[in-house]
Each structure stands twice: as C-alpha cells, then as structure tokens.
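**Student:** prediction below, plus the sequence it came from.
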Number of protein chains: 4
Amino acid sequence: MNIGFLGLGNMGGPMARNLLKAGHALSVFDLSATAVAAAVEAGATAVASPAELAQRNVEVIISMLPASAHVKAVYLGEDGLLAHVRPGVLLIDCSTIDPISAREVAKAAAEHGNPMLDAPVSGGTGGAEAGTLTFMVGGSAGDFALAQPLLGAMGKNIVHCGDTGNGQVAKVANNMLLGISMIGVAEAMSLGVALGMDAKVLAGVINTSSGRCWSSDTYNPFPGVLENAPASRGYSGGFGSDLMLKDLGLATEAARAVRQPVLLGALAQQLYQGFSLQGHGGLDFSAIIELYRKPE
Amino acid sequence: MNIGFLGLGNMGGPMARNLLKAGHALSVFDLSATAVAAAVEAGATAVASPAELAQRNVEVIISMLPASAHVKAVYLGEDGLLAHVRPGVLLIDCSTIDPISAREVAKAAAEHGNPMLDAPVSGGTGGAEAGTLTFMVGGSAGDFALAQPLLGAMGKNIVHCGDTGNGQVAKVANNMLLGISMIGVAEAMSLGVALGMDAKVLAGVINTSSGRCWSSDTYNPFPGVLENAPASRGYSGGFGSDLMLKDLGLATEAARAVRQPVLLGALAQQLYQGFSLQGHGGLDFSAIIELYRKPE
Amino acid sequence: MNIGFLGLGNMGGPMARNLLKAGHALSVFDLSATAVAAAVEAGATAVASPAELAQRNVEVIISMLPASAHVKAVYLGEDGLLAHVRPGVLLIDCSTIDPISAREVAKAAAEHGNPMLDAPVSGGTGGAEAGTLTFMVGGSAGDFALAQPLLGAMGKNIVHCGDTGNGQVAKVANNMLLGISMIGVAEAMSLGVALGMDAKVLAGVINTSSGRCWSSDTYNPFPGVLENAPASRGYSGGFGSDLMLKDLGLATEAARAVRQPVLLGALAQQLYQGFSLQGHGGLDFSAIIELYRKPE
Amino acid sequence: MNIGFLGLGNMGGPMARNLLKAGHALSVFDLSATAVAAAVEAGATAVASPAELAQRNVEVIISMLPASAHVKAVYLGEDGLLAHVRPGVLLIDCSTIDPISAREVAKAAAEHGNPMLDAPVSGGTGGAEAGTLTFMVGGSAGDFALAQPLLGAMGKNIVHCGDTGNGQVAKVANNMLLGISMIGVAEAMSLGVALGMDAKVLAGVINTSSGRCWSSDTYNPFPGVLENAPASRGYSGGFGSDLMLKDLGLATEAARAVRQPVLLGALAQQLYQGFSLQGHGGLDFSAIIELYRKPE
C-alpha cells in the first residue's frame, strides 16, 4: 500500500521501519532531518511538508506525534492535512492525546470526507522496534477492519475499543490505573519491608493473592525482586516518569471535562508531578518508590 | 491431635469443623452458646473458659478472634491462656491484627516457653467452609513445619512469610494494595464509561494490558462485567466494606508506628470510612464504585 | 469616559450599572437581549457585536465572560475585538481564566498596540451589586494607575499583583487555598462534633487559635455556628460549589502547566467534583461539609 | 497551694517554675535527675516516685507527659497515682493524648473519687517559659473553676471546652486544621511563585482575602515573607514537624475510632510522615513547603 507517515521519533521511527519491512511504500515527514534520513535509508521517500504528503497518491496516512497541540496543527492547521488530502483517504492517528481532542479532529475529518481512527499504543520503544505494540483503536468497525492488517505489521495486539475517541479513552483509563497500581505496589512493598519482611517473599505472597497486579508480578518497583525490571538496573530504560505524568494529566483533564471524580488518579498525578519537580522525571516510572524509602 | 480452638464465629466455626473432619480432637471455647453447640454437634468438646481450655491436654491451641484487643485479653489476661497453658504447647493465632501487637503477644508466649505463630487468612467465609483458605504465617521455620499439616486441613495455600509478625505484615500489605487497586479500578472503569466506552470492552483492554489486576479481572466492581462478581448481584456477599476499612486501619496504624508514608493507602482508608458513614459498610467492598457514579 | 462593556451576566450586569452610576458612558454587548435591555434602561447604548463595539469611540473596553474559551473568541476571533479596535485603547478583562491564556491574549493585544490588564474579582454577586468587589490586577504599573479610578467605581479593594497574568495567578492561588481551608474546617468541625464537642465552642477555640481562618471565623460551614453564613440557611446563596470546582480546575491546570505539585489542591478539586456528580453543585461551597456528616 | 507535678521536660519544666513563682509549694517527679535538680533549685521538693508524690499532702496533681502510654502508666499503673492518691485530690493532665484515652483515665479517676481535667496546651516552649500558654480544658464546670487560677499562673488563655476529653478534642481538631492550612498555604504560595508572582505581594493578597489564615498571616512558610517566622531563619525553632506528625496521628486515630472521614487530615499526616522519613522531622513544621520547591 501507499502510506503517508508523519512523526519519526522514538516511537514513529521504528513503526515506519516495520511498515517498510512488511512491503509497504512510505512517504514520510518529520521536522528532524536526521529522523527523515534514517527512514529514507530504510526505503522511505521524504516529503517536505504535511501538505505535500497529503497531495501524494497515498491510501492511508498514519501520524505519531507528541501531544494534542501537534495533532491539531498537523490535521487542522491552515496548511495542514485536511486542507489538502483527497476525500476517502483513511487517517490513523497513533499519538496519545485526550479523547475530546481526538473526537474533535475526527469530526473535522469526517466533514471533509475522510474516515479517521484514533489508535494510541502501549508497549514502549521496545515494542515499537519488535513490532509487538498493542493498538487501542477507536472508530467504525469497517474502518477498523481496513486498518487491522496495517497495524498488524507494527503490533501484535490490535483491539477495537468502539467508536471514535475510545482508543484514547481505553489508553488513559488503563494508564491511570497503571499509575495508581504502581504507587500502590510501591507503598505496600515499602511498608512490608519497613515492618521487617523480605521483599521477595512479600512479592511472592502478593502475586498469588488478591493484591496481584502487573505492577507487582511483571514490573515490581522494589530493587532485586525481579531481575529484568528497571528497579534492578537503577530505574533506567522502561517507561519514563514524565511520560506517566503526561498520561495522568490527560486522564485528570478528561475527567474534569466530564465532571467525573478520580481521587486516587489525581493524587497519583500530583505525586509524579512532585517527583518530576525533584528532578527525577527521566527515571522509569517505577522509581516513584523512592518517595517511600529513606534516602541513602 | 488434641487441639484447643477459641473463636467459633463466621470464620472460626467452619475452620474448626474442617479440623474435626480431618480426624482431630477439639476442645472449643466461644462466648456464643449457639456457636459452641454447633461445634459440639460436629464432634467437639466444649470448655467453659480459655483457662480451662489451656489446662486440658492439648498439643496446639488455635485462635480466631475479631481484633487485637480480644487477642491480648485471651492470651495475656490475668486468667488468660499464658497464665495456664503448659510450656511447649504450640500457639497459632489466625486473627487479623496489627503486626506490632502480634509480636508483643508472641514475645510474651516465648518468655513462657510457648512457641507461637501468627497465621492470618484470606479467602473469606467461602474459603473457610471449603477448606481453601490461604494462610500467611509468621514464626520460626521449625514451628511452621509443625503447623503446616494442621493448617492444610483448613486451607490449600500455606505460606511461610518469615519471622514472628510477618504473617500479619503480609496480610496488611496485601490488603492495603487490594483496597487501593479496587478504588483504582472503580475510578478507571467509571471514567472510561463516562467518556463513552462500553464497560466490558474497557475491562477487556485493561485485563490484557498493564492495568491488569485481581480487582479488574476477577472481581470487577462495575455491574455486569463479571457475572459472578458481587457487582452483578447488588454487592451482596463477598468481603464487606467495613472489613476492608478495618484492614486499611491496621495498615495505616502499622505505617504510623514505623513512620512509613502510605499516601494512597491512607486515602483509601478515608474513602471507605466515608462510605461507612453514609451507611454502606455492609456492602461488598467493590461497592466503593458507587462514590464514582451518579445516584439513580 | 467612553467605555465598551462586554458580558452583562450576574456579575457583569451590576458592574456595568455601577459604572453608569459613576457617570461614565457605556456601549454594551451581550448575547442575551434581556441583559442588554436592562443595561440600556440603566442608561447604556447597545451595540450589535464585539466588532461594532470595538469600532465605537471608546477609550477603554471591559469584559466579564464565563471562561477562557469566550475570552479568546471575543478578543482573538476572526471578527473579534483585536481585529477592529483602535491601537491605544486600554483593554481590561475581569473574567476568571487561567493565567496562561490571560498572558496569551495580553501578548496578542500588545502586538496590536493595545495595553491590557487582567483583573479578576472576588466578592460575588453581592459585591458586584454593592460596588465592593476586590480586583486583583495584572499588568504594568502605568496601565494599573489608569484603570484604578474606573475599577474603583465597581469595587473597594483594587490590588496591583504585578505583571500581566498575575491578577489571575493571585485569584487561583487564593481560591485554591480557600477550597482547601473550607474542606479542612469541614473536617475539623465534623471530627470535633463526632467526638462529642459542641460546634460553637469548638469554632470559638479554633478562631482564637492557630487553626483560625476565614472559612472558620467568617463563613463556618457547620450549621448554626454563624447566623449569617450560608450554613445557617440551607447552603443557599453564597459562592456555588460548581464555581469553586471551576476555580480549583484552573488552579490544578495552571499547576500542571508549570509542573508544580498541589496535592491538597487536587484532592479538594476531586472532592468538589464528586459533590457535583452527586447533584449538589448548586449549593454554596461550604455545603461540602455534607460529605462528612451522616445523612439524615 | 500544695501541688504535685509530674513531667519536667521542655514544657513541664518551665510550667512548674511559673507555678513556683506564683507562690505555690511543689512536690515534683521526673525520670531525669537533671530536670528534677533544676526544679529543686527553683524551690520545688523532689519525690522518688509517682506513688510517693500521691501520698504527700497535695491538693492538686498536674502532669505533663509525652504520650498516652506514659499517662496510662503514671495514673493507672499498679504502683501509679490512682493506687495511692487520696480521694478528692484534683488531677489535671496537660499532656496531649487522644481523647479516648483521656476519657478512659478520667473515668478510672472518677471511680476512685478523684475529679480530673484534661488540659492540653498550645503555645510551645516559648509560651511555657513566658506563662502565656493556651489551655484547652475538658471536665465539669466546677472543677474547671477550681483549676482556672492555677492554670492562669502558667497561661493567659484558659478555655473551657466542655466535658471530660473535650480539651483533647479541641486540641486535635485545631491542630489537624493547622496542619492542613499550613500545607495549603505552602501549595498556594509555591504555585503563585512558580507562575511568576512575587511571594510578598501574593501573601498580601491572601491575607486580605478569603484565603486568610494564621498559617499565612502569622507564620507564612515562604522564606522572606515574614521576618520573624521560622521560614526566615532556616526553619529552626518553632513547632517541630515531628510534633505536628504526632498530633495528626492523634487526629486520624480518633477519627478512625468514631469512623469519621478526614481526607485532607489523613493526607496531611502522610505528607509529614514522608517528610520525617526524608530526615526533616526536626525542622519547624512550616518547612513542609520544601516538598513543593525545586531542590537547590
């Protein structure tokens, strides 16, 4: 297929390469010349602007951008995609943004005759490289069916979450719960150890009991419990605290828009905000346990 | 074996029956004549006081009491067990109490020549009836080995958590995390639905993603998501909100004693406290989601 | 002076009347014909659009609008004030909006040659009627000096808070603290009464001690403590819970933008959000104490 | 009058000296020989134990002890005051303890024929030295009238809070509100400054507006706002963070006992607990603002 791809960062770069590997033809755009050069080397064709990309003979356009403001600018801007793209082209935005903005952009696309899917991912840069991302997709069943094989070239778990915006809803709801669980595990592990228990034994009890969760059995924040978790390598790599902070901000903002209380979610956001203020935003998000341990 | 058993309530009653079924001889005590009569009918011998129970020729004494004050009174009281029991008899307290009190009682027992284990359970009245409880056991490896077959007659998962008090530590740490997770799931599910997503689809995404936890995949609080969860039968049965409140109180109290912060744990406790004040303490603890939904 | 005035709602209506009483000539605009008619009856001249208002021979334009989106539309819209107003006209926005938007609009005004002040108020509809509002003003000292007599016709306490945006900063910081204090007083009073103390005696102790605050000594949320507080008339009148919710939302959003943690502020926002969900958003904000009292 | 005085620490020492200055005869007891020697030098008579103190010909006994456990031991212990004191002697406990323990001790005293008052203080070591403490007194009106002149020798504000225990209730309710307000001011000031406002100007706005409170106008935590506040001398002196932590613990414990939610109170407790864990428990309690500011 002829595909347009915008946004070749840490996530978008490897995603584009996986599409090329799967045999698709890609026209790509990014503000970073280095990122574009890497994609061209892998077989893509560079274009000079979103407008030019929209005017090429593409069947699908995929975007992977940092935040809502970029998505709005690229799609709705005066010289943006919708001003130039041919009706009928399928638009897939893989950025993580708030559901309300996602619906706003999709509505404008629909008015222009373009079907659109919101398809945020989880799985991090590792999953993007390996082509094992999870895609949470919002939009019509028909558009989802069209996109599925394409997304399958970049991920292994492609979930239809319902109508437009629901991909973003699923992502913010899941990640808010993840932030809460991670802090919950940090508190439970730190409390148990402070009361005299061995960390591995405690994790063992929790993982076979009602406290069981991904943050405990797969990504335990206590150093030494899981050999391959960021906690056992100084909280490097993984999913950065500032990215968790961004997602918690999207969740609390979406909650505010619909007047839905999220008390633990808001407190989790504040704790990551404080952690960031103290200069630790670059550490893996499981490092939040440092708030609960005596400094060395 | 000759066993003394104190406390024949909703949990202790069926536990005692399972010991009788396994062929042990039981001397039992409870303040409720009805509870004693039921145990006698099942084959136990009634005694008139903890003191009398201590003076019978028992090899092990097991207690299952509501709170720390009862445990202290029964073991340390002027006419209590330690004042009368023969040194060497193994003491097993299955009550859920704070770890610091558990260690205090075990220390007094040791000074009197009695080995003691703290062995709180999870699994609820259903697990007590079925003999499928989990026991979290604190005490020496040798005493644990002695107790294991006995506990095996009442449960199926017998975990050694380390030294004295660590059974209680494991229980309060796990249950604090459980309370946090449950509220986290309640917030995530309510937020997702308020933003327009279907509850079952959202639970499906979470359960295969990083938000996965027991409170979502086994005990989801949103009505209709899991057919067999209390949420689908009006929050009846299950683990009462006031019991969760008790356990969260034990966790925050233990945290206070060792000056260990537990921010989400404390907020969870307060939310259950407010829920109880509004008159809902008798509902299953997953009913906490009602704080997050518009009243009908 | 010749003044343009936009926004004749519950606050803007009486503010405009006080300017008329002080002898100023007013050109007014509002979407509500009723509101415009009332102002005309009081001596104002009606105009048909912000654009027309901008083109009249006014020296100052004052706006009082519900939220940031309205302010941006009125000032920055294609057919908005800045597209039509003569350079040099002083712009004063009395709306309560987030500081970042306020600075954005003021910057656009400056580029167009118009000095601008942000001047949100406190004092409620009562203060607007009586001309006793407090104005918190951000902008240059020179512009503040020009505006002071004008604002003095509508209020009695006109405070210069520093550069552009700082009027909004002062307002959101003060009101966030107000929300926290009010909930703090609600908790302290409810706790004291639950522990057996008389509410008036407790308020008396607090008001002469280190817990002293406006929410306790001037606006106590416990019924019967202060005869003239909303608590003693069923929480009617006063400052609505949903208005407090709006201000707490502005505070947490501004905090998010600069990555500044506000833990109690965020929890206060969530509590008002839950209170609104339960259907109580129309009650005075001191009614939040109902979360802490047994339902009757 | 002949007075017995137990507990000659940082608070009790100067309180006893003020009673001696007022012409009373004091028999004193403390575990610290140094503390006793200082009191003797000031004119007191030393006794060897609480029991001996109880047997001397005293009309009133005053105690000032660190925590509930000490109060219970001194009054209720096997060789404690109640075992030896003559019925009719008035007992006044000035310690800060939980209301429930205070009522328990007073009930035992009443059964022994001794009227008892709980009379915790505020005002710190400075107020103890200067004789300007505030006493919050629980007990009968008659006993209060008897104690008033005596307490007047040590303080200047003697408040009758109602029946037994209500002195403690007033103290924990006030101090919980104080802890919440202080953190609220810390958040509001830090947010305002992060958004570009001058700290002194912001404090000025707050202090004449609805955010006004003792923590802002008398004890502002932001360095440089108030010349004489601990914030302007590196948070030395004043009321220690660990003392605030103790009082917040008493408040949340009392709340737990009566199932009364205190959400902000519990969060305040946790924040001080974390602050203590990080090693800052010795700083004045206004230093909690450091959680909200970028480390230097």
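**Tutor:** Right, received. Where do you want to start? For clarity, every value in this text was computed on a predicted model and none was experimentally measured.
**Student:** who's in contact with A:Gly9?
**Tutor:** Contact analysis of A:Gly9 by CB atoms under 8 Å, 6 or more residues apart in numbering or on different chains lists A:Asp30, A:Ser32, A:Ala35, A:Met64, A:Pro66. Just so you know, the C-beta spots here come from the backbone N, C-alpha and C atoms, and that holds for glycine as well.
**Student:** so the third one makes contact with A:Leu6?
**Tutor:** No: using CB atoms under 8 Å, A:Ala35 is not in contact with A:Leu6; the gap is 11.1 Å.
**Student:** in helices only, show me the contacts of A:Gly9.
**Tutor:** Residues of the contacts of A:Gly9 located in helices (DSSP state H): A:Ala35.
**Student:** so which of the contacts of A:Gly9 sit within strands?
**Tutor:** Among these, no residue falls in strands (DSSP state E).
**Student:** same list, the contacts of A:Gly9, but as JSON lines with pLDDT, distance to D:Ala145 and neighbour count please.
**Tutor:** JSON lines is the format used below for the contacts of A:Gly9 (pLDDT from 0 to 100; distance: CB to CB, whole Å; neighbours: other CB atoms under 10 Å in any protein chain shown):
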{"residue": "A:Asp30", "pLDDT": "97", "distance to D:Ala145": "83", "neighbour count": "22"}
{"residue": "A:Ser32", "pLDDT": "95", "distance to D:Ala145": "82", "neighbour count": "12"}
{"residue": "A:Ala35", "pLDDT": "96", "distance to D:Ala145": "83", "neighbour count": "19"}
{"residue": "A:Met64", "pLDDT": "98", "distance to D:Ala145": "78", "neighbour count": "28"}
{"residue": "A:Pro66", "pLDDT": "94", "distance to D:Ala145": "71", "neighbour count": "15"}
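**Student:** quick one: contacts of the helix or strand of chain A with the lowest mean pLDDT?
**Tutor:** Lowest on mean pLDDT, DSSP states H and E among the helices and strands of chain A sits helix A:124-130, with a mean of 91. Contact with helix A:124-130 is made by A:10-11, A:13-15, A:18, A:121, A:132-134, A:154-155, A:238-239, as judged by CB under 8 Å, 6+ apart.
**Student:** which SS class is A:Val201?
**Tutor:** Secondary structure, DSSP: H, G, I helix; E, B strand; the rest coil: A:Val201 is helix.
**Student:** count of residues packed around it?
**Tutor:** 18 (other CB atoms under 10 Å in any protein chain shown).
**Student:** cool, and the one 5 residues further on?
**Tutor:** Using other CB under 10 Å, A:Ile206 has 25 other residues around it.
**Student:** which residues are in contact with it?
**Tutor:** A:Ile206 neighbours (CB under 8 Å, 6+ apart): A:Val185, A:Ala188, A:Arg212, A:Ser216, A:Asp217, B:Ala173, B:Asn174, B:Leu177.
**Student:** so what's the third one up against?
**Tutor:** Contact analysis of A:Arg212 by CB under 8 Å, 6+ apart lists A:Ile206, B:Cys213, B:Trp214.
**Student:** can you do 10 Å?
**Tutor:** A:Val205, A:Ile206, B:Asn174, B:Leu177, B:Leu178, B:Ser181, B:Arg212, B:Cys213, B:Trp214, B:Ser215, B:Asp217, B:Thr218 (CB atoms under 10 Å, 6 or more residues apart in numbering or on different chains).
**Student:** next one: the closest residue to chain D within the stretch 1-150 of chain A from A:Glu111, what distance?
**Tutor:** Relative to chain D, the nearest point of the stretch 1-150 of chain A is A:Ala69 (20.0 Å; CB to the nearest CB). The gap separating A:Ala69 from A:Glu111 is 21 Å, by CB to CB, to the nearest Å.
**Student:** what helix or strand does the closest residue to A:Gly211 other than its chain neighbours sit in?
**Tutor:** Residue nearest to A:Gly211 in three dimensions, not counting chain neighbours: B:Leu177, with 3.7 Å by CB to CB, 6 or more residues apart in numbering or on different chains. Using DSSP states H and E, B:Leu177 sits in helix B:166-194.
**Student:** only the buried residues of that helix, if you could.
**Tutor:** B:166-194 (16 or more other CB atoms under 10 Å in any protein chain shown).
**Student:** report the distance from it to the chain centre.
**Tutor:** 16 Å (CA atoms, centre = their mean, to the nearest Å).
**Student:** and the stretch 101-250 of chain A, which of its residues are near chain C?
**Tutor:** A:Asp242, A:Leu245, A:Lys246, A:Leu248, A:Gly249 (CB under 10 Å from any CB of the partner chain).
**Student:** where do the helices sit along the stretch 1-150 of chain A?
**Tutor:** Secondary structure of the stretch 1-150 of chain A by DSSP state H, counting those that start in this stretch: the helices cover A:12-21, A:33-41, A:50-55, A:68-76, A:99-111, A:124-130, A:141-152.
**Student:** where among those is average confidence lowest?
**Tutor:** Lowest mean pLDDT within the helices of the stretch 1-150 of chain A: helix A:124-130, at a mean of 91.
**Student:** circling back to that earlier point, what's the distance between the residue of the stretch 1-150 of chain A closest to chain D and B:Val74?
**Tutor:** From A:Ala69 to B:Val74 the distance is 65 Å (CB to CB).
**Student:** counting neighbours, go ahead and name the busier of the two.
**Tutor:** More crowded of A:Ala69 and B:Val74, by other CB under 10 Å: B:Val74, with 23 against 11.
**Student:** wait, that one touches B:Ala109, no?
**Tutor:** No: judged on CB atoms under 10 Å, B:Val74 makes no contact with B:Ala109 at a distance of 11.8 Å.
**Student:** so what sits against both of these two?
**Tutor:** B:Leu81, B:Leu82, B:Asp93.
**Student:** what's the closest of those residues to chain C?
**Tutor:** Nearest to chain C among the shared contacts of B:Val74 and B:Ala109, with distances taken as CB to the nearest CB, is B:Asp93, at 31.7 Å.
**Student:** wait, what's in contact with that closest one?
**Tutor:** B:Asp93 neighbours (CB under 10 Å, 6+ apart): B:6-7, B:61-65, B:71, B:74-75, B:101-102, B:105-106, B:109, B:116-120, B:138, B:167-168.
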